[in-house]
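Asker: Any chance you could fold what I've pasted below:
(one chain, ligands or ions: 1)
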Amino acid sequence: FCGPPGRPPPSPVPSEMVATWEAISLGRQPVPEYFNFAHDVLDVWSQMEKDGHRPPNPAFWWVDGLGTEVKWSFEELGKQSRKAANVLQGVCSLQPGDRMMLVLPRIPEWWLVSVACMRTGAVMIPGVSQLTEKDLKYRLQVSRAKIIITSDSLVPRVDAISADCPSLQTKLLVSDSNRSGWLNFRELLREASTEHNCVRTKSGDPLAIYFTSGTTGAPKMAEHTQGSYSLGFVASGRRWVALTDSDIFWNTTDTGWVKAAWTLFSAWPHGSCIFVHELPRVDVKVILKTLARFPITTLCCVPTIFRLLVQEDLTRYQFQSLKHCVTGGEFLNPDVREKWKSQTGLELYEGYGQSETVVICANTKGENIKSGSMGKASPPYDVQIVDDEGNILPQGEEGNVGVRIRPTRPFCFFSCYLNNPEKTAAAERGSFYITGDRAHMDKDGYFWFMGRNDDVINSSGYRIGPVDVESALAEHPAVLESAVVSSPDPIRGEVVKAFIVLSPGYTSRDPEELIQELQEHVKRVTAPYKYPRKVAFVSELPKTVSGKIQRSKLRNQEWGR
Ligand SMILES: Nc1ncnc2c1ncn2[C@@H]1O[C@H](COP(=O)(O)OP(=O)(O)OP(=O)(O)O)[C@@H](O)[C@H]1O
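Answerer: Alright, predicted model coming up:
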């Protein structure tokens, strides 16, 4: 079933088919020379659906919270995405290998266009709707994207810079109204043919480009291949996300982040349904009501959202079908996991990875969870703690999280930072790719995250990971959330400073007294040298649109950078 397009796909038994993909995903079988997710996965599921080999739940289920719903079977998804592919190849003249920027809110067209890119062999470059004119110009210029597809809100920003982007030939708008200089995607889709021959892509052909967030210089373009993403999530989709063809999986992520692609490539190989709520902004009440109202079986949110969810009285909600919850993208405080578990009876499985990779570590279903650890290495990755030269460090020692890339680079890995051989080389030390994160591994192979390289605090010779201090603070009822960073100190060089958002009910406490209480609390629950010598109460923490705490902003503020 990895054969060329054109031939009707055979209809194997789902379990056999998924087992083959999983064996490839685990590195136990070679990656086929040719692979195209739309043809080799989605169209095969469509056939199995027709043959009655799949439960009747949709492949895609979108709600806007106002009563509008879109439900597609694999067959309907196939039909609509073939129409979309015809729009891209026809009026937009997109050729295989051409790049397309995809900046849409959580609307069904994001999934359609992603699949249409696969069908046409185009390379998608997802981005978030918060991109400024400057961000858009930079991304369009360096990627030389030929098309951008977006919605109304971004039109003025794109129009303001498109004259400076010579490669940009077509602007596609997803809207019910028309704009001068823009093609209307919805109108074109309505007219398009449902007949389309999927392009025969090689597994090594590019599939997607993700811009890194650019914490250390200009954002870099991490390129993934067809094989990397299409097959790289099958194993973690089953082991970490525990997906089957009867599951309905909701990940609240923004479409511009890798997590949206992670979800797509985890869920659909298993025949699961991807559930989407338009969710224009994060609203915990909406999330809880949605979980109660729809038969969602599997949930993924960033830890920040779980931190907010556990502040609510969860016993007021009955989640009719929820049975498996995963999180990742930043550190999960053990306290949050325990509160979620005690209130819902559900375990929270943490995973760890990057835009450059698939899942690096995870707490998989059925394995013992060590609270505070991000789990064990996710095969086929060989993950080790290494020094700055790439030498493997002894168990328990803190170092860089490294993924082995020599003698064999895992297939499920970014190919390079495009146009940036220096940065690509700089991320490699010896036989390892260096993630930029610090951690240690215990004797059982569990990884314990300490912080990003830049976030680790060095105070009087002690190295302190911010997440340890934040987790200790999280155990105090006064703390809603916190961010811990280094702050200059004339004697110690740098000291630990905690920025704390107080829980409701604690805001009227005497600040000096509360600071002392919190400092004593941290000294009690973790090594005393880690306690925050400086504390500031704030109303909110700076976060990325994906909800991650931006410690670098607070640190720069402290150091006057
Ligand atoms: N489970 C986890 N625990 C702790 N940190 C995590 C976890 N999962 C992901 N991360 C953090 O998120 C990073 C990867 O995130 P992503 O690729 O989205 O880039 P980003 O957050 O935009 O960061 P960058 O600034 O490096 O571009 C990891 O390197 C790690 O620092």
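
Asker: which residue ranges form the helices in the stretch 151-300 of the chain?
Answerer: 155-161, 185-191, 226-232, 234-239, 258-267, 284-293 (DSSP state H, counting those that start in this stretch).

Asker: So which residues of the stretch 351-500 of the chain form strands?
Answerer: 359-362, 376-377, 383-386, 399-404, 428-429, 432-441, 447-452, 457-459, 462-464, 479-489, 493-502 (DSSP state E, counting those that start in this stretch).

Asker: just to revisit the earlier point, looking at the helices of the stretch 151-300 of the chain, spot the one closest to the ligand.
Answerer: helix 258-267 (5.7 Å; CB to the nearest ligand atom). Every C-beta, even on glycine, is put in place using the N, C-alpha and C of the backbone.

Asker: Highest mean neighbour count out of the strands of the stretch 351-500 of the chain?
Answerer: strand 359-362 (a mean of 26; mean count of other CB atoms under 10 Å).

Asker: For Asp442, what are phi and psi?
Answerer: phi -90, psi -180 (degrees, to the nearest 10).

Asker: Correct me if wrong: it contacts Pro394.
Answerer: No: between Asp442 and Pro394 there is no contact under CB atoms under 8 Å: 11.5 Å.

Asker: The two: which is more packed in?
Answerer: The residue with more neighbours, out of Asp442 and Pro394, is Asp442; 13 against 9, by other CB atoms under 10 Å.

Asker: pLDDT on stretch 135-147, on average?
Answerer: When pLDDT is averaged over stretch 135-147, the result is 96.

Asker: Any part of that stretch near the ligand?
Answerer: No: judged by CB under 6 Å from any ligand atom, stretch 135-147 makes no contact with the ligand; its nearest approach is 13.2 Å.

Asker: and for that stretch, what are the contacting residues?
Answerer: Around stretch 135-147, the neighbours that count as contacts under CB atoms under 8 Å, 6 or more residues apart in numbering are 88, 92, 94, 98-101, 103, 125, 127, 131, 148, 154, 157-158, 161-162, 164-165, 167-172, 209, 211, 218-219, 221, 418-419.

Asker: Sitting in strands, which of those residues do you find?
Answerer: Those of the contacts of stretch 135-147 mapping onto strands are Arg99, Met100, Met101, Val103, Ile125, Ile148, Thr170, Lys171, Leu172, Ile209, Phe211, Met221, per DSSP state E.

Asker: Can you give me the neighbour number for the fourth one?
Answerer: For Val103, the number of neighbouring residues by other CB under 10 Å comes to 24.

Asker: hey, what's it bridged with?
Answerer: Per DSSP bridges, the residues bridged to Val103 are Thr150.

Asker: Now do the same contact list for it.
Answerer: By CB under 8 Å, 6+ apart, the neighbours of Val103 are Pro126, Gly127, Val128, Ser129, Leu131, Leu136, Ile148, Ile149, Thr150, Ser151, Leu154, Gly256.

Asker: Does the third one touch Lys259 like I think?
Answerer: No: using CB under 8 Å, Val128 makes no contact with Lys259, being 11.5 Å away.

Asker: More neighbours: these two, which one.
Answerer: Lys259 (22 against 18).

Asker: and the more buried one, what is it in contact with?
Answerer: Asn251, Thr253, Cys300, Val302, Gly328, Gly329, Ser546.

Asker: Please report the distance of the fourth one from Pro379.
Answerer: Note on Val302: its distance to Pro379, by CB to CB, to the nearest Å, is 24 Å.

Asker: In terms of neighbours, single out the busier of those two.
Answerer: Neighbours per residue (other CB under 10 Å) separate Val302 from Pro379, with Val302 holding more: 24 against 16.

Asker: Would you check that that one makes contact with Val326?
Answerer: No: if you go by CB under 8 Å, Val302 and Val326 don't touch, sitting 10.6 Å apart.

Asker: Packing partners of whichever helix or strand Arg307 is part of?
Answerer: Using DSSP states H and E, Arg307 sits in helix 303-309. Contacts defined by 3 or more CB pairs under 8 Å, 6 or more residues apart in numbering; DSSP states H and E place helix 303-309 against helix 284-293, strand 324-328, helix 334-344, strand 479-489.

Asker: let's see it at 7 Å
Answerer: helix 284-293, helix 334-344 (3 or more CB pairs under 7 Å, 6 or more residues apart in numbering; DSSP states H and E).

Asker: got a list of what Val18 touches?
Answerer: Pro269, His270 (CB atoms under 7 Å, 6 or more residues apart in numbering).

Asker: What pLDDT is listed against it?
Answerer: If you check Val18, the pLDDT there is 95.

Asker: same check, this time on Pro10
Answerer: Value for Pro10, per-residue pLDDT: 56.

Asker: repeat for the one 5 residues further on
Answerer: On the pLDDT scale, Ser15 is placed at 88.
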